[in-house]
Structures are given as structure tokens and as C-alpha cells.
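Trainee: the following comprises the amino acid sequence and a computationally predicted model.
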Amino acid sequence: MISLVLLTTAWGTIPLIVRSVDLSAQQLVAARLWLGALPLLAVLLSRGMPRLTVSYWWRVVGLGALLAFHWVAFFYSLTTTTVAIALVLVYLAPVGMATLAPVVLGEPLRAGAAAALGVALVGVILVARPGEGATVEGVVAGLVAAASFAGLVLAGKPIAQQIGPLRLATLETSVAALLMLPWAVTALPEAGQWWWQLTILGVVLTGIAGFVYWRSVTALPVATVAVLSYMEPASAVVWAALFLGETGDGVTWLGVVLVLIAGAAAGWQGRAAASAEQPVVG
């Protein structure tokens, strides 16, 4: 669980990187996918080519396509409406995944986890505070990004448990990278001047992060993962204050505090659920 908290907090630095790199949304997505996929692929191939059934290959290909689709939709929402509106829309996804997990995965949604989820959502709304600037295309893209995010977790968790988080992270990222190849090619002439930002975004925040994320998803209830996902937009406020001088106001920081409280509650709920599932040895 600690690794997921650290990961989602690190993901909060992504807006800082995006602001410093002058590439289109599609080029940024393509660059992060390729730089994330190649190191993972090298590690996986060093252990031998994964042997999967045809059924699993198709499922992994589907997840890779969904991953690329999610990021393009999210970045398109960011560019066609306000950042605040896009963030609130895409972070409806944790609510959806936690609500559907009992039906799709058979995981019960405990009352404490549901309460933490509600507190975290309120916190993000206070952080982002969407106002004017909504557009039809931006709102639709944000909702699509949210739905695809929830779908990724719900469809990917059983696959990650069966084939392993390293295999899933590597293969889905590689598929998504291949789908974004045309934009990766167009980004090459200019990408060199932002090599270190793109390396962090791709290798660390996409490749390594993808493996850590799926490893966490396999071990934790989806409701816990959902609540801890809100650490990303909350931590973005902290990073912006530290490196951009955007200190925010009291309402913004109240939202951050609510997310932290919800995260702590979700962590407690996750540990309790995991302990309850441990077999008793007598």
C-alpha cells in the first residue's frame, strides 16, 4: 500500500513535466509510452518470452488499446476544457471502479471504504473547483477518460493476478506504444531538447510506475486503490506550490487535507480486509 501512495504522489508531478515540454498531447502520450515500454520489455525478455494463451494475448491487446485510448481522451479533455473540469471528470473513475467492483470482481464495498471514497471525491472537487470553461467535447472526453480508466482497473486486475504485474504492465504498454507510433515518429525531431523530462515521464512515471501500480492492484481491494488514486491530484497541488509558486487558498488546502484523511482511512480499511482474508493457522 505504501508503494501505491508513493506512486500516486509521484504522478502528481506530471503536470509540471507537461508544462515544461512543448509537444502536442498525442506526442506526449506516444513519448511516455515508448520510453516506458522499452525498459520493461528488456527486463521481460531477459527472463524469456512470455508464453500466454491466445485468449490472454487478445485480452492484453485490448487493455493496451484501452490504455492508449484513455490517455488520449484525458489529454484531449485537458486541451479542450479547463484543467479543473478535466481533473474532476476523470476522477469520477475511482467512484465507478469501486461501485462496480462488487459486481465485476465480487469484492464487497465496505461502508468505511465508501465513506472514504466520498470524502476523497469532495476533496478533489475542492482542489480543482471546476467553474466556467466547460465545452461539450471537453466534458465528453473527460467522461470517456474516466470510463476507460475504471475499465482498465476492473478488466486488468484478474489478468494481472493470473499472468503477473510485470507481464501485464510490459505488454499493455508495448501495445499502446505501437498504436501511438505515428505520433512518436513526429515527436522525434523535437524530443531531444526535453530528454530528461521525457525520460522521467516515460521510464519512471509510466514504465516502472505501471509495474508498481499493477502489483498494488493485485494485492489491494479495488475500493482502496480507488481512494488512494485521489492522492495524485491532491499531491499535484503540493508540487505546484513547491516548484511553481502556486500556493492556492484555504479551500484548496482543505481539499488536500480531506484527500489525506480519506487515504489514511482507505489504508486502514485495506489492511483490515487483507487481514480478514488471511487463513487462520491452528
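Mentor: Ah, there it is.
Trainee: check the offset of the helix or strand containing T170 from the chain's centre.
Mentor: Assigned by DSSP states H and E, T170 falls within helix 165-179. Centroid separation for helix 165-179 versus its chain: 14 Å, with Cα atoms, centre = their mean, to the nearest Å.
Trainee: residues in contact with that helix?
Mentor: Defining contact as Cβ atoms under 8 Å, 6 or more residues apart in numbering, one finds that helix 165-179 is touched by 30, 33-34, 36-37, 40-41, 43-44, 50, 52, 60-61, 63-65, 67-68, 71, 156, 159-160, 184, 206-207, 210-211, 213-215, 217-218. C-beta here means a position set from N, CA and C on the backbone, and glycine is covered the same way.
Trainee: just the buried residues out of those residues, in ChimeraX syntax.
Mentor: Buried residues among the contacts of helix 165-179 (16 or more other Cβ atoms under 10 Å), as a ChimeraX selection:
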select :30,33,34,36,37,40,41,44,50,52,60,61,63,64,65,67,68,71,156,159,160,184,206,207,210,211,213,214,215,217,218
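Trainee: show me the shaky parts of the stretch 51-200 of the chain.
Mentor: Where the stretch 51-200 of the chain drops to pLDDT under 70, the residues are 132.
Trainee: same thing but at 90, please
Mentor: Counting by pLDDT under 90, the stretch 51-200 of the chain contains low-confidence residues at 51-56, 71-72, 74-92, 95, 108-114, 116-117, 120-121, 123-139, 142, 189-192.
Trainee: ok, M1 to Q161 distance?
Mentor: M1 sits 17 Å away from Q161, going by Cβ to Cβ, to the nearest Å.
Trainee: which one of those two has more residues nearby?
Mentor: Here M1 and Q161 are compared on neighbour count by other Cβ atoms under 10 Å; more neighbours surround M1, at 18 against 14.
Trainee: what about that one, distance to I261?
Mentor: From M1 to I261 the distance is 16 Å (Cβ to Cβ).
Trainee: which stretch of helix or strand covers the residue lying closest to T81 once chain neighbours are set aside?
Mentor: Closest residue in space to T81, ignoring its immediate chain neighbours: G138 at 2.6 Å, by Cβ to Cβ, 6 or more residues apart in numbering. Assigned by DSSP H and E, G138 belongs to helix 136-163.
Trainee: remind me what that helix packs against, helices and strands.
Mentor: helix 54-80, helix 83-90, helix 93-104, helix 165-179, helix 209-219, helix 222-229 (3 or more Cβ pairs under 8 Å, 6 or more residues apart in numbering; DSSP states H and E).
Trainee: output those helices in CSV; the columns should cover distance to T8.
Mentor: Listed next are the helices and strands packed on helix 136-163 as CSV, based on distance: least, Cβ to Cβ, whole Å:
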stretch, distance to T8
helix 54-80, 15
helix 83-90, 14
helix 93-104, 11
helix 165-179, 16
helix 209-219, 9
helix 222-229, 6
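Trainee: out of the ones you listed, deepest packed?
Mentor: helix 222-229 (a mean of 27; mean count of other Cβ atoms under 10 Å).
Trainee: from V90, how far out is W253?
Mentor: 22 Å.
Trainee: over to G133?
Mentor: 16 Å.
Trainee: from what I see, the residue nearest to T81 and A86 are in contact.
Mentor: Yes. G138 lies in contact with A86 (Cβ atoms under 8 Å); the separation is 6.7 Å.
Trainee: who touches both of the two?
Mentor: Listed as contacting both G138 and A86 by Cβ under 8 Å, 6+ apart are S77.
Trainee: pull out the CA atoms of whichever helix or strand L121 is part of and give them to me as CSV.
Mentor: Applying DSSP H and E as the criterion places L121 in helix 111-128. Taking Å, rounded to 0.1, in the frame of the first residue of the first chain, the C-alpha atoms of helix 111-128 are listed here in CSV:
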residue,chain,number,x,y,z
ALA,A,111,-19.2,1.2,4.4
GLY,A,112,-15.9,2.7,5.6
ALA,A,113,-14.3,2.4,2.1
ALA,A,114,-17.4,4.0,0.6
ALA,A,115,-17.3,6.9,3.1
ALA,A,116,-13.6,7.4,2.4
LEU,A,117,-14.3,7.5,-1.3
GLY,A,118,-16.9,10.2,-0.8
VAL,A,119,-14.6,12.3,1.3
ALA,A,120,-11.8,11.9,-1.3
LEU,A,121,-14.1,13.0,-4.1
VAL,A,122,-15.2,16.1,-2.2
GLY,A,123,-11.6,16.9,-1.5
VAL,A,124,-10.7,16.7,-5.2
ILE,A,125,-13.7,18.9,-6.1
LEU,A,126,-12.4,21.5,-3.6
VAL,A,127,-8.9,21.2,-5.0
ALA,A,128,-10.0,21.6,-8.6
